[in-house]
Structures are given as structure tokens and as C-alpha cells.
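**Q** quick one: sequence plus predicted model below, questions after.
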Amino acid sequence: MDEVAQLNRLGARAVIASMGGSPGFELGLSPNCGLALSGEPLADLNMLFLGPDVDVLAFFARAMARVAERDLPLLALMTPHVTSMLGPVAERLGLTAAGTAPLMVLRAGPALNPGRACDIRRVLDPDDVRVAGDLASAAFSLDRAAMARAMDVGVTPTSGAETWVAYDGGAPMSAVTVTPTGPTAGIWTMATPPEKQGRGMGRALLTKVIERYRAEGVERFYLVATVAGRPLYESLGCEAIADYSLRVLGHSTQTST
């Protein structure tokens, strides 16, 4: 299996780990495709990953039928393996093209410079969960109540999604979620609200978190970058290895639609 396909598979399972506690959660899974529905009326909280699966057309059709039955919006990510084949199908099914997003990888290398001091804390107790959710909701312009139902409930010691918050003088500034799987870890929901940006807190948090996981044996990190986040990731040494093609049913705050 090539690296893009492997990381697509890990990414689908990571999103499932993040949203699996949602009361409206529904899962669809095949070797290289994944559907994670939170049940919330926000495309960014209902995600479909489509990769080089022998049954990808049938999986796509089943997923879209279920989305229609539940009357949900959706954000679909297609790897380059399947974009040409599935693009026309997506258009017929009402999904709007929404540009691309790079799949980026950070490999083993020298220690990263955080740039500035900050305190980081693993999110475990209910108060910290609320703080992290507030940061993510503000950073991505997502309804806070929907975020609480879809994401807050998944922040537990055993979910497989580990969230961290950076504090500056006791004030929460930035949050990020990591999904470690052996020597590989996904980076998700890198969130610094607009009014807290420009102070180096996102970089400080991310570098400190990466170095923690490296100390625990993680050798490779992957993420799907937004336009706003890409410069930070490139400055840390992340490389783009492929572009996801994005399709949206409804409206996404993270794409061009």
C-alpha cells in the first residue's frame, strides 16, 4: 500500500475516534474508505474519506444514500487515486467541488523550536474539555453546541484522540488533537481563535506536542492542511505528499464553498 492510501485509512479511523461518542454517530468503514456521521447539521462534522478501495463506487453510493436518508450535509475527501473516477459521480449526487487540501507529512528530524514559551496541558477533565471546545468552535466558526455533541464527548482517556491546550499566563490560547497509532500520529483540529493569533501560540503548542510524541516513539506525523494553516506546517518541515479533492454537500467553513 502506498503512503497516501495508508494515511487516508488512518485518517478515516482517526475522525471516527474523534466523533465516535456523538449521540448521533454512525459509521461506515471499508479497507480504504470511511464514513463518520455525527448527525449534526454541519458539513465539517460529517465526513467521508474515499481512497483506492476495490469497492469504492459502491461504498460512495451507499454513503450518499445514507446521508440523504438522514438529510445531513457532508464534507468528502478523495485521494488522487479516485478523484477522476468519482468526480463526475459526486457532481451527479449534488456534491459541489470545493478545491483541494494537501495531505502533509512530518518525518523524523531535528528537534523543533517552539519559538516562545507556553504551558501545555493534556485535556482530560470536563473543564479542560470545555476550554478546548471553545477554542475549536471559535477558530473554525462552528456552532458550539454542535461541537459539544459531536466532539467534546469524544475527549476521553481511551478514545484514541488526545487533545492538548496551550496556556499563556493562565489564559487558554490554542488547542490541537493528536491520534497516535504506533509510530504514526495524525494532527487534527489545530485551533487558535482569530483574536489569539499572531502571538506564536499555535506554533509553540504544536512543536511541544510533536516533541512529546517523538519522545514516546512517534516517527511520522500527518495532517490535512487548510489554506490558513499550511504556512505554519511548512515552516516546521511538513511536506505535501498529495492533494485531497474536496466535495461538499451543504456548506463547509473550512473550504471555498
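**A** That came through, no problem. Note that the structure is a prediction, hence the values are computed from the model and not measured.
**Q** specify the beta-bridge partners of the closest residue to residue 50 other than its chain neighbours.
**A** Nearest-residue entry for residue 50: residue 78, 4.7 Å, with adjacent residues in sequence omitted and distances by Cβ to Cβ, 6 or more residues apart in numbering. Placement of C-beta: from N, CA and C, glycine included. Taking DSSP bridges as the rule, residue 78 bridges to residue 50, residue 245.
**Q** quick one, what contacts residue 78?
**A** Residues near residue 78 by Cβ atoms under 8 Å, 6 or more residues apart in numbering: 50-51, 86-87, 90, 244-247.
**Q** switch the cut-off to 7 Å
**A** 50, 86, 244-245, 247 (Cβ atoms under 7 Å, 6 or more residues apart in numbering).
**Q** swap in residue 82?
**A** 50-52, 56.
**Q** what's the distance between it and residue 35?
**A** 15 Å (Cβ to Cβ, to the nearest Å).
**Q** could you point out which element follows the lengthiest helix in the chain?
**A** In terms of residue count, the longest helix belonging to the chain (DSSP state H) is helix 3-19. Next in sequence after helix 3-19, counting helices and strands by DSSP states H and E, comes strand 26-30.
**Q** quick one: whatever helix or strand comes next after that following strand to chain centroid distance?
**A** Using DSSP H and E, the helix or strand that directly follows strand 26-30 along the chain is strand 33-37. The chain centre lies 13 Å from the centre of strand 33-37; the measure is Cα atoms, centre = their mean, to the nearest Å.
**Q** can I get the CA coordinates of strand 33-37 in CSV?
**A** Below are the C-alpha coordinates for strand 33-37, written out as CSV (Å, rounded to 0.1, in the frame of the first residue of the first chain):
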residue,chain,number,x,y,z
CYS,A,33,-12.9,4.3,2.8
GLY,A,34,-14.6,5.7,5.9
LEU,A,35,-17.9,7.5,6.7
ALA,A,36,-18.2,9.3,10.0
LEU,A,37,-21.6,11.0,10.6
